[in-house]
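1. what follows is a predicted protein model with its sequence.
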Amino acid sequence: MPKVVYNESQGLIQQAGSGIQFETTPFSPVQAITTDSSTIGAPGVYTVSGASALTTFVPDPSSVPGGMVIVRAISNKAHILTGSANVAGVNIFAGRLGGPVREGTKLLFAGTAEGESVSLVSDGRAYLLTGMSGSCTITAPA
């Protein structure tokens, strides 16, 4: 099997060898969310910013098992992560926030400082909170 190399000036190049090599990244590894009711389509790194708090929908965790989603608030607003319509009302977030494990339908940023972030990994049923900076809350359905 030939080796495929990607560089910015020539695009895809086929060479002797095997594997894939990126000499430059063909896309930004960080995607910006700047509008309310945006949907995260795939695992990756996202920044959220707006003049007011934004609600962002994460994909159904069963559609991205093993996928990691990292979200960093770059505006000091109380942004919200929640499930899409097909998982509305289902506890899709789980994590330990200084006490027992908490499960809920929404993950809320405190909005007290720029740079608050969460790291989530899908186990196929829920997004597990694997790390955070700043403060966030997982809320249960009302």
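-> Perfect, I can see it now.

2. next, count neighbours for residue 120.
-> By the other CB atoms under 10 Å criterion, the neighbourhood of residue 120 contains 25 residues. Yep, even glycine has a C-beta here, placed from its N, CA and C like the rest.

3. contacts only, for it.
-> Shown in contact with residue 120 (CB atoms under 8 Å, 6 or more residues apart in numbering): 58, 68-71, 93, 107, 127-130.

4. ok, residue 4 next?
-> Counting by CB under 8 Å, 6+ apart, residue 4 has contacts 12-15, 19-21.

5. same thing but at 7 Å, please
-> 12, 14, 20 (CB atoms under 7 Å, 6 or more residues apart in numbering).

6. excluding its backbone neighbours, what's nearest the last one?
-> When you say that, I think you mean residue 20. By the measure of CB to CB, 6 or more residues apart in numbering, the closest residue to residue 20 outside its immediate chain neighbours is residue 4, 5.0 Å from it.

7. ditto for residue 124
-> Excluding the flanking residues, the one nearest residue 124 by CB to CB, 6+ apart is residue 65, at 3.7 Å.
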